[in-house]
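Asker: What would the 3D arrangement of this be:
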Amino acid sequence: MSATYSRDPGRTCRIRGHGNLLPDQRRPAREMKEMAVAVASVATLAAEPGEDAFRKLFRFYRQSRPGTAALGGVIDFSAAHAARGKTPDAHKVVRSQLSVSAVSDHDAYRAGLQPVSKWQAYGLEGYPGFIFIPNPFLPGYQWHWVKQCLKLYSQKPNVCNLDKHMTEEETQDLWEQSKEFLRCKEVNKWRPRSLLEKLRWVTLGYHYNWDSKKYSADHYTPFPSDLAFLSEQVAAACGFQGFRAEAGILNYYRLDSTLGIHVDKSELDHSKPLLSFSFGQSAIFLLGGLKRDEAPTAMFMHSGDIMVMSGFSRLLNHAVPKVLPSPRGESLPCCLETPLPADLPRDSVAEPCSVEDWQVCSSYLKTARVNMTVRQVLATDQEFPLEPVKENKRDTSTEGFCHLDEKSQVKRARLTPNS
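Answerer: Got it, this is the predicted structure:
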């Protein structure tokens with residue numbers, strides 16, 4: 001059996017047998033040949049001696065151009081029945097079973113999610129514990145989470161990369177200081193960047209220490225209740241009832257941003273999953289192995305997509321080498337064009353989003369992507385070690401954010417990895 005998939009999340013594809021494809025599923029021979037050449041190049045590149053396979057493929061995808069055959073080997077879970085696509089790694093895609101009864105339709109609705117029975121969930125052979133859920137959000141509800149990331153979660157007492165060189169007063173309300181800049185973004189593209197556009201990361205709950213690479217009991221602020229509720233529902237649907245959202249790292253990507261190769265291992269309890277929520281422009285995600293000499297599998301992440309890394313996959317190397325600009329120019333993904341319903345359920349965690357607020361969010365997301373990762377730090381009844389955590393002062397606002405593209409000699413923003 002074989003099938004095709006589309007990068008357009010709204011397109012529906014159907015599985016057919018060999019030689020029985022629908023007309024719109026037939027790819028021109030030239031395009032297929034170009035894809036085969038690109039795929040072979042990727043395989044050859046990964047097998048070459050020298051630099052580890054992950055780093056070579058990270059560079060390959062970072063330098064790739066959207067809309068070309070170079071991305072033909074990237075798995076796209078957003079199309080229905082993507083499990084049998086034409087990419088070389090598509091045979092790895094399998095259906096994942098969800099715990100439908102673990103989350104009531106009412107609780108899913110409260111979090112802005114479709115009933116779990118309507119979700120599509122996929123896994124990858126060779127990556128036990130990895131679950132990919134293409135956009136399970138109800139129409140319009142992504143607006144709430146985007147607004148929270150930009151307007152609420154970026155506020156004090158949460159910690160962000162701007163804190164190192166700015167006073168607490170200067171970073172007190174990034175939204176208020178940036179909204180007029182963003183509203184005028186299309187009018188004056190040569191204006192200075194707003195503070196929100198300079199934001200690269202925010203930490204929630206137990207605040208990750210980028211120097212010691214540890215969490216500590218004395219560096220904590222209350223975790224947002226709405227994000228905790230969303231995370232608990234997703235974790236329960238994936239078989240992790242009782243999950244506690246204790247720490248979050250929000251990454252704010254510009255179109256030239258990357259997330260370096262890393263493993264999220266600083267949490268003290270690795271038996272609980274790492275949850276990832278994506279909003280805005282699409283990106284390429286690379287999932288590798290326990291060592292960097294294992295070639296990673298590439299996949300697209302679109303707005304609304306959720307990834308769960310648990311079990312064996314919890315401690316695998318992963319990275320984001322590329323954020324993809326919209327093929328329609330500076331525009332939003334189609335799933336973000338539907339507004340948040342005005343009449344929200346009384347117990348919904350989502351809050352109304354004004355036209356003015358969404359105007360700011362929309363302007364920001366036309367050239368950006370936001371990712372929320374949520375994790376449980378401690379096991380039940382576990383406490384932090386008693387040894388004191390030493391603070392080594394250094395410039396955390398710039399370290400790891402910028403590396404030099406060896407070929408183009410153009411600086412590209414790079415987000416600080418977890419480890």
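
Asker: So for D357, what's the pLDDT?
Answerer: What the model reports as pLDDT for D357 is 93.

Asker: The residue lying closest to it once chain neighbours are set aside and L340, how far apart?
Answerer: The spatially closest residue to D357, leaving aside those adjacent along the chain, is K147, at 5.7 Å (C-beta to C-beta, 6 or more residues apart in numbering). Bear in mind the C-beta positions are built from the backbone N, C-alpha and C, glycine included. Relative to L340, K147 is positioned 9 Å away (C-beta to C-beta, to the nearest Å).

Asker: same check, this time on V374
Answerer: V374 is 21 Å from L340, by C-beta to C-beta.

Asker: neighbour-wise, which of these two wins?
Answerer: More crowded of V374 and L340, by other C-beta atoms under 10 Å: V374, with 28 against 21.

Asker: Am I right that the more buried one is in a strand?
Answerer: Yes: V374 forms part of a strand when assessed by DSSP: H, G, I helix; E, B strand; the rest coil.

Asker: Bridge partners for it, pull those for me.
Answerer: Bridge pairing for V374 (DSSP bridges) gives the partners G248, L275.

Asker: now do H318
Answerer: Residues in a beta bridge with H318, per DSSP bridges, are H262, L287.

Asker: ok, it to F58 distance?
Answerer: Note on H318: its distance to F58, by C-beta to C-beta, is 10 Å.

Asker: for I306, same thing?
Answerer: The spacing between I306 and F58, counted by C-beta to C-beta, is 23 Å.

Asker: Now for H318 and F58: what residues contact both?
Answerer: Taking C-beta atoms under 8 Å, 6 or more residues apart in numbering as the criterion, H318 and F58 both touch I261, L286, P296.

Asker: between these, which is closest to S78?
Answerer: L286 (17.4 Å; C-beta to C-beta).

Asker: give the contact list for the closest one.
Answerer: Contacts of L286 (C-beta under 8 Å, 6+ apart): F54, L57, F58, Y61, I261, P296, T297, A298, H318, A319, V320, P321.

Asker: tell me the secondary structure for the fourth one?
Answerer: Think Y61. helix.

Asker: ok, now A70?
Answerer: Reduced to three states by three-state DSSP, A70 is helix.

Asker: distance of it from R62?
Answerer: 11 Å.

Asker: again with I249
Answerer: 21 Å.

Asker: same question, K151
Answerer: Distance, K151 to R62, using C-beta to C-beta: 31 Å.

Asker: Equivalent analysis for P333, please.
Answerer: P333 is 21 Å from R62, by C-beta to C-beta.

Asker: what's the burial count for S225?
Answerer: S225: 10 surrounding residues under other C-beta under 10 Å.

Asker: Contacts only, for the nearest residue to it once chain neighbours are set aside.
Answerer: Among residues not flanking S225 along the chain, V349 sits closest, at 7.4 Å (C-beta to C-beta, 6+ apart). By C-beta under 8 Å, 6+ apart, V349 lies in contact with R110, A111, G112, H144, S225, D226, F229, L230.

Asker: give me the number of residues near the closest residue to the last one other than its chain neighbours?
Answerer: Spelled out, it's L230. Leaving aside its sequence neighbours, L230 sits nearest to A111 (C-beta to C-beta, 6+ apart; 4.5 Å). By the measure other C-beta under 10 Å, the count of residues near A111 is 24.

Asker: ranges for the helices of the stretch 301-419 of the chain?
Answerer: Secondary structure of the stretch 301-419 of the chain (DSSP state H, counting those that start in this stretch): helices at 355-365.

Asker: and what of the stretch 101-250 of the chain?
Answerer: 105-110, 142-147, 174-183, 195-198, 225-237.

Asker: Find out how far the fourth one is from the centre of the chain, if you would.
Answerer: Distance of helix 195-198 from its chain centroid, counting by C-alpha atoms, centre = their mean, to the nearest Å, is 19 Å.

Asker: just to revisit the earlier point, higher neighbour count, H318 and F58?
Answerer: Ranked by neighbour count (other C-beta under 10 Å), H318 and F58 place F58 first, with 27 against 24.

Asker: residues in contact with the more buried one?
Answerer: T258, I261, L286, P296, A319, P321.

Asker: Can you lay out those residues as CSV showing pLDDT?
Answerer: Below are those laid out as CSV (pLDDT from 0 to 100):
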residue, pLDDT
T258, 96
I261, 96
L286, 97
P296, 95
A319, 97
P321, 97
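
Asker: Which two among the residues you listed are spaced furthest apart?
Answerer: Farthest pair in those, by C-beta to C-beta: T258 and P296, 13.8 Å.

Asker: right, and K179 touches S362 too?
Answerer: No: with contact defined as C-beta atoms under 8 Å, K179 does not count as touching S362 (11.8 Å).

Asker: Comparing those two, which residue is more hemmed in?
Answerer: Between K179 and S362, K179 has the larger neighbour count (other C-beta under 10 Å), namely 22 against 19.

Asker: Distance of that one relative to S194?
Answerer: Separation of K179 from S194 (C-beta to C-beta): 8 Å.

Asker: about what we covered before: wait, which of the contacts of L286 is closest to E356?
Answerer: V320 (30.9 Å).

Asker: so who does that closest one touch?
Answerer: Counted by C-beta under 8 Å, 6+ apart, V320 has contacts Y253, S257, T258, L259, A283, I284, F285, L286, M301, N371, L415.

Asker: Now list whatever residues contact both of T258 and P296.
Answerer: With C-beta under 8 Å, 6+ apart as the test, T258 and P296 both reach F58, A319.

Asker: ok, back up a step: neighbour-wise, which of P333 and R62 wins?
Answerer: More crowded of P333 and R62, by other C-beta under 10 Å: P333, with 23 against 19.

Asker: Need the nearest residue in space to the more buried one, chain neighbours excluded.
Answerer: Distance criterion C-beta to C-beta, 6+ apart; nearest residue to P333, sequence neighbours excluded, is S303 at 4.3 Å.

Asker: same deal with P128?
Answerer: When the adjacent residues along the chain are set aside, P128 lies closest to F312, with 4.6 Å between them (C-beta to C-beta, 6+ apart).

Asker: Next: R59.
Answerer: Spatially, and ignoring its direct neighbours in sequence, R59 is nearest to P321 (7.5 Å; C-beta to C-beta, 6+ apart).

Asker: What's the local residue count around that neighbour?
Answerer: Burial measure for P321: 23 neighbouring residues, criterion other C-beta under 10 Å.
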